[in-house]
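Colleague: sequence unknown, structure follows:
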DNA sequence: TTCATTTCTTGAAGTAGTTCAAGTTTTTTC
DNA sequence: GAAAAAACTTGAACTACTTCAAGAAATGAA
C-alpha cells in the first residue's frame, strides 16, 4: 500500500526516507467499489486522488441527463477536478470508480503543507502536470481534426487494453459521440 | 524588459536577487511581427515562450488546408507545445503572433538546468500548469455540453476584450465551428 | 489614395452526426 | 439460477452544423 505512488515519484525525483515518511503520514488509503462516487457535482474537490489499482473517471451529467466522460484514469494516474481544487468552488463534475479500485487521497490542506516541507514534490507534480497537459493538447487536436470513427480507431489502436476495460457508452462520450453511433461504428455500418 | 515575468513569478513564489539574475541570464528577448511564426509544424518545440506583450496562438493546418486554433495566449501567458517539448519530437503545430508581440524564450536546455539550480521555479510552473490545466478541463466541458452559439456567447461574455482583438475566423476555429457559421451566429441568423 | 490582401457575409445544398423507441444481449445480484 | 439491472444494437426521422461559391467590406502596403 502506497508503494506504487512512491515508485511513481521515485521515477521523477528522489525523496529521502524522512520525506517519504512525512508524505505517507498524510495520505489516506481508500477502496472504492465499482460505481462508487468519490466526488459529486456541487461538492468541492479538496483533494488529489492517485489510482493505485483499478479505473476511475471524471464525468458530468448534461442538460438531457446523459453522462459525458471527461477523463479516464487508471493505475499511476492522478484524477482531480483542478478548477474546483484551485478555486475551492463547487465542482461541475463527478469522480467515480468504473472498477473496484484502490486509491490514495491527499487532502488539499495537507498537500499544500507538504509542498512547503518537501520542495521536491513540486518537481514531481510539475512533471506530472506537464505530461498530462501535453496529452490533453493532443486530445483537442484529435477532437478537432478527426471524424468520430477516426477517433475511435485511433483510441483503440493507442489503448487496446483499455477499450476492453470500460463500457462502450462511456468511451463514446469521452470521444464525443453518442452510444448509438459507437454501436454503428463497431458494427462497420459507417 | 523581463519585468513582467519576474512580477508574474513573484506573485506565486519568491526568488532571491541572485536567483532572478540567474534566470534572466538564460532568457532571450524577442519581438515578433504580426503573422510571424515562432514554431512551424515539423520543428521541435525546444523552448518555453512567455508573452510579455501582444497576442499569439497555437494552431494546426488540417487535411483540408484550414487553420484550427488550439490555444490563444496574451500577456503573462506561457505558450508551448508540451508534447513536442516533452518528447523532443516534431511538433504538429504552429506558434504564431497574431499582433506584433514581445516574448521571452527559455530554451529547454537552459530551463532544465534552471529547475535544478532554482527549485522554486518548479513551484512556479507547477502552479501555472495547474491553472492552465484547470482552464482546459473546463474548455472540454464547454465543447462537450454547449452548442456553437452557446460557446460563442459564453466566450464573448467571459472575454469581451479578446473578441475584439482576434479575427473572428480564428475564434471560430478555437470554438470548433466554421468561419461561415460564426458569421451567421453574429448576424443572429441562428 | 489606390491596389492587393485579408477578413467577413450570404444563401443553397449536403452530411456527419443525434435522437427516439424498441428490442436484444450481457452482467450483476440475491 | 432466476430476476433485475446494465449495456448494447438497430433503423428511421431529424438537425446542427459544414461546404461551396461568390461577393462585399475592411485593412494594409507602396
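Modeller: It's in. Just so it is clear, the structure is predicted and the values come from calculations on it, not from any experiment.
Colleague: C-alpha only now, for contacts and for neighbours.
Modeller: Noted.
Colleague: ok, the closest residue to residue A:148 other than its chain neighbours to DNA strand C distance?
Modeller: Once flanking residues are discounted, residue A:148 sits nearest to residue A:177: 6.6 Å by Cα to Cα, 6 or more residues apart in numbering or on different chains. Distance from residue A:177 to DNA strand C, counting by Cα to the nearest atom of the strand, to the nearest Å: 3 Å.
Colleague: Kindly report the residues of chain A close to DNA strand D.
Modeller: Neighbours of DNA strand D within chain A, by Cα under 7 Å from any atom of the strand: A:166-170, A:179-184, A:186-187.
Colleague: Now the lengthiest helix in chain A: buried residues?
Modeller: Longest helix in chain A by number of residues, with DSSP state H as the criterion: helix A:120-145. By neighbour count on 16 or more other Cα atoms under 10 Å in any protein chain shown, the buried set for helix A:120-145 is A:120-134, A:136-138, A:140-145.
Colleague: just stretch A:64-77 next, same as before
Modeller: A:67-77.
Colleague: sorry, back to before: which neighbouring elements make contact with the longest helix of chain A?
Modeller: Packing contacts for helix A:120-145, counted by 3 or more Cα pairs under 8 Å, 6 or more residues apart in numbering or on different chains; DSSP states H and E, involve helix A:108-117, strand B:67-74, helix B:82-87, helix B:120-145.
Colleague: what do you get if the cut-off is 6 Å, keeping everything else the same?
Modeller: Packing partners of helix A:120-145 (3 or more Cα pairs under 6 Å, 6 or more residues apart in numbering or on different chains; DSSP states H and E): helix B:120-145.
Colleague: ok and the next helix or strand after the helix it packs on relative to helix B:120-145, angle-wise?
Modeller: Sequence order places helix B:148-158 as the next helix or strand after helix B:120-145, per DSSP states H and E. Between the axes of helix B:148-158 and helix B:120-145, defined by axes from the mean of the first three to the mean of the last three Cα atoms, to 10 degrees, the angle is 140 degrees.
Colleague: Check the offset of helix B:148-158 from the chain's centre.
Modeller: 20 Å (Cα atoms, centre = their mean, to the nearest Å).
Colleague: If you count neighbours, what's buried in that helix?
Modeller: B:148-149, B:151-152, B:155.
Colleague: for stretch A:26-37, same thing?
Modeller: Neighbour-count burial for stretch A:26-37 [16+ other Cα under 10 Å]: A:26-27, A:29, A:32, A:36-37.
Colleague: Compute the first-to-last residue distance for that stretch.
Modeller: 22 Å (Cα to Cα, to the nearest Å).
Colleague: now swap in stretch A:35-45 and tell me
Modeller: 18 Å.
Colleague: again, but for stretch A:80-97
Modeller: 13 Å.
Colleague: ok, and does it reach over to DNA strand C?
Modeller: No: Stretch A:80-97 lies out of reach of DNA strand C by Cα under 7 Å from any atom of the strand, never closer than 12.5 Å.
Colleague: quick one: average pLDDT of that stretch?
Modeller: For stretch A:80-97, mean pLDDT is 98.
Colleague: ok, it near chain B or not?
Modeller: Yes: on the criterion Cα under 6 Å from any Cα of the partner chain, stretch A:80-97 is in touch with chain B at A:82-83.
Colleague: Name the surrounding residues that touch that stretch.
Modeller: A:34-46, A:48, A:55-60, B:134 (Cα atoms under 6 Å, 6 or more residues apart in numbering or on different chains).
Colleague: Now residue A:178: closest residue in space that isn't a chain neighbour?
Modeller: Closest to residue A:178 by Cα to Cα, 6+ apart is residue A:172, at 5.8 Å.
Colleague: Then residue A:29 would be within a strand, right?
Modeller: Yes: counting by DSSP: H, G, I helix; E, B strand; the rest coil, residue A:29 is found in a strand.
Colleague: Would you check that it makes contact with residue A:102?
Modeller: No: checked against Cα atoms under 6 Å, the pair residue A:29 and residue A:102 is beyond contact range at 7.4 Å.
Colleague: returning to that earlier point: please identify which of the residues of chain A next to DNA strand D is nearest to chain B.
Modeller: Nearest to chain B among those: residue A:170, at 13.5 Å, using Cα to the nearest Cα.
Colleague: Spell out the secondary structure type for that closest one.
Modeller: helix.
Colleague: per-residue confidence at the residue of chain A positioned farthest from its centre?
Modeller: Distance to the chain centre peaks in chain A at residue A:189, reaching 31.9 Å (criterion: Cα atoms, centre = their mean). On pLDDT, residue A:189 comes in at 76.
Colleague: So it, which state does it fall into?
Modeller: Residue A:189 ends up coil, using three-state DSSP.
Colleague: Check the gap between it and chain B for me.
Modeller: 24 Å (Cα to the nearest Cα, to the nearest Å).
Colleague: Kindly report the same for residue A:173.
Modeller: Residue A:173 sits 9 Å away from chain B, going by Cα to the nearest Cα.
Colleague: Could you verify my assumption that that residue touches residue A:68?
Modeller: Yes: counting by Cα under 6 Å, residue A:173 touches residue A:68, with 4.9 Å between them.
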